[in-house]
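Asker: Next comes the sequence, and after it the predicted model I'd like to discuss.
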Amino acid sequence: MSSDSELLTPPALAARYETLMRVSRAIGAHQSAKDLFAALVDELNGLVDFDAIGVFLKCQNSDRFQNHFVDMESRSVLVAEENLSPEETFVSSVYDQQASWLRSTDEMEPRYERFQVALQNRGIRSICALPLTTGHRRLGVISFGSRQAHAYPPEEVKFISQVADQIALAFDDALNFSALRRASEELQTKNERLQLLLDVTNQFVSNLELRDLLRAISQGVRRVMQSDYTGLSLPAADGQHLRLYALDFPRGKGFLHEELVYSIDGSPSGTAFRTMKPLTLRSPFPDWLNYPIAQIALREDLKSFCFLPLISRNRAIGVLVLGRLRDDAFTEDEIHFLEQIANQIALAVENALAYREIRDLKDQLSKEKLYLEDEIRTEMNFTDIIGKSPSLRRVLKLVERVAPTDSTVLINGETGTGKELIARAIHDLSPRRSKPFVKLNCAALPTGLLESELFGHEKGAFTGAIAQRVGRFEVADSGTIFLDEIGEIPLELQTKLLRVLQEREFERLGSSKTLRTDARLIAATNRNLEAMVAEQKFRSDLFFRINVFPVYVPSLRERDADIPLLVRHFTQQFSRRMNKVIDAIPSGTMDALRRYQWPGNIRELQNMIERAVIVSTGPVLSLDVADLKLAPASSSQRKVLQEKAFEEKAPASDSKTDGALRDVLHQTERQKILEALERSNWVVAGPKGAAAQLGTKRSTLQQKIRKLGITRGNA
């Protein structure tokens with residue numbers, strides 16, 4: 001491969017970029033960073049000249065990097081992670097400064113001396129390193145090493161930077177997938193434990209006989225904690241012994257059985273009982289081999305134990321014991337959860353009045369479980385914040401500054417600019433990230449229902465209130481509540497909202513009981529609240545209370561440099577969803593999209609690209625821009641269009657083809673509008689109207705209906 005792109009003819013350049021797209025698709029198919037790096041080594045060989053390749057991914061909450069650095073000749077590690085710190089290499093510099101790093105190994109600064117020696121020992125004479133960065137976060141650094149001197153001239157670096165952009169997106173997807181998978185596994189474990197707590201609570205309510213209750217609980221504990229043995233021991237009448245009151249041990253040999261009595265002194269259970277602290281043991285139990293109960297455990301082939309005291313009113317009333325036949329010690333997290341189970345069992349044994357508290361706990365756990373399940377469904381629709389424009393970077397800097405605080409944030413911006421994504425980013429970067437992110441569109445509900453959604457209601461509070469309902473502020477306690485379109489909240493409800501923000505307290509509808517909440521408020525609006533205050537349509541005190549830290553999200557026409565990134569992102573997204581391969585976008589189409597004013601912002605762009613992917617039949621995105629009201633192209637836009645002309649791979653369409661594509665697009669759009677009108681019973685406006693379903697304005701939809709000649713009679 002030539003290192004000087006000026007020597008390549010346009011067909012050769014096109015072939016090179018086609019290869020880049022193929023590599024991008026190939027590496028994008030991998031869902032772990034390790035597999036992705038292995039694919040990079042093979043796929044990039046031939047696209048970029050290198051004898052060594054390295055990827056350095058920044059570790060979360062740490063200054064360290066996860067290193068993948070391989071010599072192509074030997075396929076061995078070039079620089080061991082424990083030998084050199086990031087400061088002794090180019091990694092920290094490239095990551096912090098977000099700039100490329102080009103060096104000959106003969107011309108390195110003194111601080112890189114150890115790194116220089118390591119490279120020269122491998123014969124590496126040139127290094128090219130670039131940051132791996134997407135539109136919303138920094139990932140790390142990628143580097144290429146060559147045994148040739150001055151192997152990476154500026155023209156080659158420019159191309160490699162485009163390669164790095166594709167690789168950054170692939171690593172971002174892989175890291176996001178890994179994070180989501182870990183989150184899914186953690187949520188599955190959490191839900192299983194929540195279900196166990198619910199089962200325990202249900203047993204407390206339905207089981208009045210203590211032995212049956214403990215047997216039922218022990219089975220659930222053994223299943224969820226992946227243990228083989230669960231036993232519950234209570235003090236014998238003499239106060240010197242413990243009695244094995246309930247037992248669940250399907251694979252037991254019979255040496256451990258219910259009603260077995262053993263001494264408190266000299267037994268692990270007795271030690272946990274006396275000290276009121278959890279105790280864990282792993283085979284071979286050298287300190288306990290002389291005690292009868294330990295010998296019985298060995299005869300049952302049990303190899304690890306966890307002993308948890310049942311504590312009530314600052315005294316021990318029993319012991320919960322879990323055992324495993326495998327040599328697998330109980331973790332701190334498992335012990336912490338089991339302590340919660342032990343506390344509930346202690347309450348059941350000690351006092352029947354605990355049933356009332358446990359019923360309350362069951363209700364709360366049920367509410368949290370339902371909301372967490374809903375949040376899981378929301379989080380699976382992961383959406384990136386795409387873009388590199390200065391205006392978007394300014395917004396993201398503000399997000400980074402305000403996220404660690406508990407300050408109220410007001411997000412201003414036009415409809416469709418992604419205000420909810422900014423709100424979620426603030427929550428995800430805040431200390432409240434592990435707590436719920438609760439959202440509500442204030443314009444989607446009438447006044448009566450809006451108050452109920454925000455603050456909840458009691459059974460019988462109004463007609464149709466057949467059950468108690470928990471409000472969003474109550475669910476968002478210790479988390480974040482996002483109120484979209486806050487300017488639509490009526491004046492009579494603004495006073496109650498102001499009280500929640502200032503006093504942190506409220507009452508449900510139909511209740512006089514005052515509840516407290518520690519929810520952080522993030523509000524969003526596309527209206528001019530200051531003008532509404534002047535017109536007395538919005539309370540001034542509420543405005544000042546929510547306008548603590550304003551964030552303005554720029555419209556798409558203010559960040560037109562991000563349009564190519566967004567177009568490619570949505571094209572790839574919808575292509576994958578529809579099982580199509582679209583890897584080229586005509587430069588004329590891209591120029592037209594950049595000059596369009598985008599009144600509907602990113603949402604309108606997303607819908608337009610989806611329609612274009614639907615009608616595209618080949619590898620080139622087919623989009624009819626004839627109906628767009630385009631602004632005249634600026635000189636800089638014309639220059640960019642000329643420079644990227646060679647990327648357009650499809651031949652120019654004749655007028656007949658363009659007309660056919662327009663007909664297909666119009667028919668597709670007509671069909672989608674008809675389906676939405678049918679679902680809404682031909683209601684255009686309102687929260688359930690056709691305009692809301694299609695994500696467009698009422699006036700825009702009515703204009704399209706007239707243009708397409710759609711009437712209820714000829715549908």
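Answerer: Looks like it arrived, so ask away. Numbers count the residues shown, from 1 in each chain.
Asker: Doesn't Gln66 lie inside a strand?
Answerer: Yes - the assignment for Gln66 (DSSP: H, G, I helix; E, B strand; the rest coil) places it in a strand.
Asker: how close does Phe574 sit to Val470?
Answerer: 37 Å (C-beta to C-beta, to the nearest Å). In short, each C-beta sits where N, CA and C put it, glycine included.
Asker: Kindly report the same for Asn45.
Answerer: 57 Å.
Asker: Lys439 too?
Answerer: Here Lys439 is placed at a distance of 15 Å from Val470 (C-beta to C-beta).
Asker: And for Arg520?
Answerer: Counting by C-beta to C-beta - Arg520 and Val470 are separated by 18 Å.
Asker: And the strands in the stretch 451-600 of the chain?
Answerer: In the stretch 451-600 of the chain, the strands defined using DSSP state E, counting those that start in this stretch lie at 456-457, 469-470, 480-484, 505-507, 514-516, 520-525, 549-552.
Asker: Touching, Ile293 and Asp265? I think so.
Answerer: No - contact criterion C-beta atoms under 8 Å: Ile293 and Asp265 do not qualify, at 11.1 Å.
Asker: the more surrounded of the two?
Answerer: Higher neighbour count among Ile293 and Asp265: Ile293, with 18 against 11, using other C-beta atoms under 10 Å.
Asker: Am I right that the more buried one is in a helix?
Answerer: Yes - using three-state DSSP, the assignment for Ile293 is a helix.
Asker: how far away is the residue sitting furthest away from the middle of the chain from Asp165?
Answerer: What lies farthest from the middle of the chain is Asp238; by C-alpha atoms, centre = their mean that is 56.1 Å. Distance, Asp238 to Asp165, using C-beta to C-beta: 76 Å.
Asker: next one: Gly239
Answerer: Here the criterion is C-beta to C-beta. By it, Gly239 lies 73 Å from Asp165.
Asker: neighbour-wise, which of these two wins?
Answerer: Using other C-beta under 10 Å as the criterion, Gly239 and Asp165 rank with Asp165 on top: 20 against 7.
Asker: So the more buried one: helix, strand or coil?
Answerer: Using three-state DSSP, the structure places Asp165 in helix.
Asker: Number of residues surrounding Ser511?
Answerer: Neighbour count of Ser511, defined by other C-beta under 10 Å: 16.
Asker: distance of Leu454 from Asn45?
Answerer: In terms of C-beta to C-beta, Leu454 sits 58 Å off from Asn45.
Asker: which ones are touching Leu701?
Answerer: Neighbouring residues of Leu701 by C-beta atoms under 8 Å, 6 or more residues apart in numbering: 673, 684, 690-691, 694.
Asker: ok, 7 Å please
Answerer: Contact partners of Leu701, counting by C-beta atoms under 7 Å, 6 or more residues apart in numbering, are 684, 690-691, 694.
Asker: just curious, which of those is nearest to Leu260?
Answerer: Leu694 (69.6 Å; C-beta to C-beta).
Asker: Once you drop chain neighbours, what's closest to that closest one?
Answerer: Ala676 (5.3 Å; C-beta to C-beta, 6 or more residues apart in numbering).
Asker: Could you pull up the contacting residues of the one you found?
Answerer: Ala676 neighbours (C-beta under 7 Å, 6+ apart): 690, 693-694.
Asker: Make TSV out of the residues you listed and add distance to Pro446.
Answerer: As requested, these are exported to TSV (distance: C-beta to C-beta, whole Å):
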residue	distance to Pro446
Ala690	20
Gln693	19
Leu694	22
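Asker: out of those residues, which one sits closest to Pro278?
Answerer: Of all the contacts of Ala676, Gln693 has the smallest distance to Pro278: 54.8 Å, by C-beta to C-beta.
Asker: So what's the gap between the helix or strand containing that closest one and the chain middle?
Answerer: Here Gln693, judged by DSSP states H and E, is contained in helix 690-694. Relative to its chain's centre, helix 690-694 lies at 27 Å (C-alpha atoms, centre = their mean, to the nearest Å).
Asker: same check, this time on stretch 525-543
Answerer: Using C-alpha atoms, centre = their mean, the distance from the centre of stretch 525-543 to the centre of the chain it belongs to is 33 Å.
Asker: With stretch 701-715 instead?
Answerer: 40 Å.
Asker: Just the C-alphas of that stretch, formatted as PDB.
Answerer: Extracted C-alpha coordinates of stretch 701-715, given in PDB (Å, rounded to 0.1, in the frame of the first residue of the first chain):
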ATOM      1  CA  LEU A 701     -49.100  16.100   9.300                       C
ATOM      2  CA  GLN A 702     -52.200  18.000   8.100                       C
ATOM      3  CA  GLN A 703     -50.100  19.500   5.300                       C
ATOM      4  CA  LYS A 704     -48.900  16.100   4.200                       C
ATOM      5  CA  ILE A 705     -52.400  14.700   4.300                       C
ATOM      6  CA  ARG A 706     -53.600  17.400   1.900                       C
ATOM      7  CA  LYS A 707     -50.500  17.000  -0.300                       C
ATOM      8  CA  LEU A 708     -51.000  13.200  -0.600                       C
ATOM      9  CA  GLY A 709     -54.700  13.600  -1.200                       C
ATOM     10  CA  ILE A 710     -55.700  11.500   1.800                       C
ATOM     11  CA  THR A 711     -59.300  11.600   2.900                       C
ATOM     12  CA  ARG A 712     -61.300   9.300   5.100                       C
ATOM     13  CA  GLY A 713     -63.600   8.400   2.200                       C
ATOM     14  CA  ASN A 714     -60.900   7.400  -0.300                       C
ATOM     15  CA  ALA A 715     -58.600   5.600   2.200                       C
END
